[in-house]
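Student: coordinates only, no sequence provided:
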């Protein structure tokens with residue numbers, strides 16, 4: 001079907017003040033436990049598998065994709081962080097043609113914003129759907145296990161200010177988020193031992209949640225609270241500024257894809273499926289802000305703020321405002337726990353507690369699976385896995401599943417409104433979304 005292009009100023013007003021609903025028809029993710037490099041399967045196989053599964057989840061076949069493509073009503077939004085460095089391959093968006101011939105000729109762009117690459121692709125899709133196309137396929141992927149842990153850490157260092165923050169450092173990001181831990185203790189005059197124990201509780205929580213998720217990387221792993229708090233030993237060695245292996249997200253091979261649609265297409269889709277549009281989840285609002293790229297500059301600029309990462313809090317507030325919600329309306333959160341210190345900081349950014357009082361939500365069980373506001377019921381990045389370019393898409397998929405009552409063994413009861421936070425670098429690229437049904 002042909003779309004009527006809106007005037008640019010009209011679209012800007014819709015985006016800022018009253019974003020049109022972008023519906024989530026469905027999606028899929030790969031099993032994050034898999035090692036694609038050892039399987040001998042390349043990134044095209046990964047893209048093909050997740051695209052096929054996402055379309056199957058929506059009951060959309062490739063004949064419909066051909067029709068949409070011929071009507072110039074579909075676009076591709078491919079997210080990836082570092083295939084040039086992991087796989088010696090760039091220009092990933094054009095490989096949609098290799099997934100299926102139905103995609104030949106479809107406009108597609110590759111998006112990169114470090115660990116928030118998936119969210120960058122989603123935001124672009126939000127801006128395009130209903131303007132230049134009816135349907136968007138957002139596909140994020142990363143193959144990370146093609147390199148050793150030390151070489152992989154160097155690649156990830158490119159998401160920081162490499163020359164200043166990664167050169168000569170074995171594990172740049174554990175050091176940066178270890179500094180966040182120490183600076184949090186200092187800013188709020190916390191007891192360091194109690195703070196580190198709270199980080200261990202976050203780790204234990206997310207590993208425990210992952211055991212419910214059939215696609216989580218660590219669903220077969222063991223992690224107790226005692227193990228998580230016992231750092232600096234053989235099986236939990238220190239990796240940066242006091243953080244242990246248990247505080248870190250996983251090196252992961254994986255992909256996730258979601259199918260997004262305009263209201264016009266969603267209505268016709270629902271009619272075909274014998275359902276009502278009210279049964280579909282939709283993106284109700286989003287926020288996107290950047291902080292200074294270097295960690296030291298972030299801390300310097302935030303020294304007079306009551307919160308340690310104010311740009312992150314503002315991003316979430318922007319999403320709340322666009323979606324007309326507050327934290328009290330949320331049923332669950334998926335947040336970017338690349339390290340336990342980032343989830344800890346996110347607690348006050350979401351407004352669950354006041355800044356400096358994040359420990360209350362942990363000690364009172366608020367953010368646990370059976371708590372008042374569960375955080376990372378999927379297992380998050382620590383338990384679920386963190387294929388960098390796919391993480392934002394996976395988060396969005398989990399929000400859609402939760403509010404549609406399709407999260408199976410990790411379903412939060414009666415979930416209808418959910419939020420997510422996806423970070424790139426040391427909380428440099430900040431993206432937040434609210435999903436409703």
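Tutor: The structure has been received and is ready for your questions. Everything quoted here is computed from the prediction, not taken from an experiment.
Student: list the contacts for residue 321?
Tutor: residue 285 (Cβ atoms under 8 Å, 6 or more residues apart in numbering). Just so you know, the C-beta spots here come from the backbone N, C-alpha and C atoms, and that holds for glycine as well.
Student: for it, which three-state class applies?
Tutor: With DSSP: H, G, I helix; E, B strand; the rest coil as the basis, residue 321 sits in helix.
Student: and it, how far is that from residue 285?
Tutor: From residue 321 across to residue 285, the span is 7 Å (Cβ to Cβ, to the nearest Å).
Student: need the next SSE after the helix or strand residue 391 falls within, C-terminal direction.
Tutor: Element membership of residue 391, judged by DSSP states H and E, is helix 391-403. From helix 391-403 onward toward the C-terminus, using DSSP H and E, the following helix or strand is strand 417-424.
Student: from the contact counts, what lies against the next helix or strand after that next one?
Tutor: Next helix or strand after strand 417-424 toward the C-terminus (DSSP H and E): strand 429-436. Counting contacts by 3 or more Cβ pairs under 8 Å, 6 or more residues apart in numbering; DSSP states H and E, strand 429-436 is packed against helix 117-128, strand 282-290, helix 310-323, helix 391-403, strand 417-424.
Student: quick check: pLDDT value at the residue nearest to residue 402 when sequence neighbours are not counted.
Tutor: Counting by Cβ to Cβ, 6 or more residues apart in numbering, residue 415 is the residue found nearest to residue 402 once chain neighbours are left out, at 4.5 Å. The score at residue 415 is 98. That number is its pLDDT.
Student: now do the one 10 residues further on
Tutor: According to the per-residue confidence, residue 425 scores 97 in pLDDT.
Student: that one: neighbour count?
Tutor: The burial count assigned to residue 425 is 26, neighbours taken as other Cβ atoms under 10 Å.
Student: cool, and the one 10 residues further on?
Tutor: Per other Cβ under 10 Å, the neighbour tally for residue 435 reads 29.
Student: got the contact list for it?
Tutor: Counting by Cβ under 8 Å, 6+ apart, residue 435 touches 24, 281-284, 396, 399-400, 403, 417-420.
Student: beta partners for it?
Tutor: Beta-bridge partners recorded for residue 435 (DSSP bridges): residue 283, residue 418.
Student: how far away is it from residue 246?
Tutor: Using Cβ to Cβ, one gets 30 Å for the distance from residue 435 to residue 246.
Student: what of residue 19?
Tutor: 39 Å.
Student: contacts only, for residue 437.
Tutor: Here residue 437 is in contact with 278-282, 403-404, 416 (Cβ under 8 Å, 6+ apart).
Student: now list the buried members of the residues you listed.
Tutor: 280-282, 403-404, 416 (16 or more other Cβ atoms under 10 Å).
Student: wait, which of those is closest to residue 219?
Tutor: Within the buried ones among the contacts of residue 437, proximity to residue 219 (Cβ to Cβ) peaks at residue 404, which comes in at 21.8 Å.
Student: now the strands: where do they sit in the stretch 1-150 of the chain?
Tutor: Secondary structure of the stretch 1-150 of the chain (DSSP state E, counting those that start in this stretch): strands located at 22-29, 74-79, 108-111, 135-142.
Student: just name the most buried of those.
Tutor: Burial of these is given as mean neighbour count (mean count of other Cβ atoms under 10 Å); strand 135-142 ranks first at a mean of 30.
Student: so which elements touch that one?
Tutor: Right, strand 135-142 is packed against helix 43-57, strand 74-79, helix 117-128, strand 254-261, helix 391-403 by 3+ Cβ pairs under 8 Å, 6+ apart.
Student: what's in contact with the shortest one?
Tutor: Contacts of strand 74-79 with the rest of the structure, by Cβ under 8 Å, 6+ apart, involve 65, 68, 92-93, 95-96, 103, 106-112, 117-118, 120-122, 124-125, 128-129, 132-141, 389-390, 392-393.
Student: switch to 7 Å and redo it
Tutor: With Cβ atoms under 7 Å, 6 or more residues apart in numbering as the test, strand 74-79 has contacts from 65, 68, 92-93, 96, 103, 106-111, 117-118, 120-121, 124-125, 128, 132-140, 389-390, 392-393.
Student: also the longest one?
Tutor: Identification of contacts with helix 43-57 by Cβ under 7 Å, 6+ apart yields 26-30, 36, 83, 87, 89, 95, 98-99, 137, 139, 141, 143, 255-259.
Student: what's the mean pLDDT across that helix?
Tutor: Taken as a whole, helix 43-57 has a mean pLDDT of 98.
Student: what's the closest non-adjacent residue to residue 118?
Tutor: The shortest distance from residue 118 to any non-neighbouring residue, by Cβ to Cβ, 6+ apart, is to residue 392 (2.6 Å).
Student: and the helices in the stretch 101-250 of the chain, which stretches?
Tutor: Shown for the stretch 101-250 of the chain, the helices assigned by DSSP state H, counting those that start in this stretch span residues 117-128, 149-156, 172-187, 192-210, 225-229.
Student: of all those, which one is nearest residue 327?
Tutor: Closest approach to residue 327 among the helices of the stretch 101-250 of the chain is made by helix 192-210 (18.2 Å; Cβ to Cβ).
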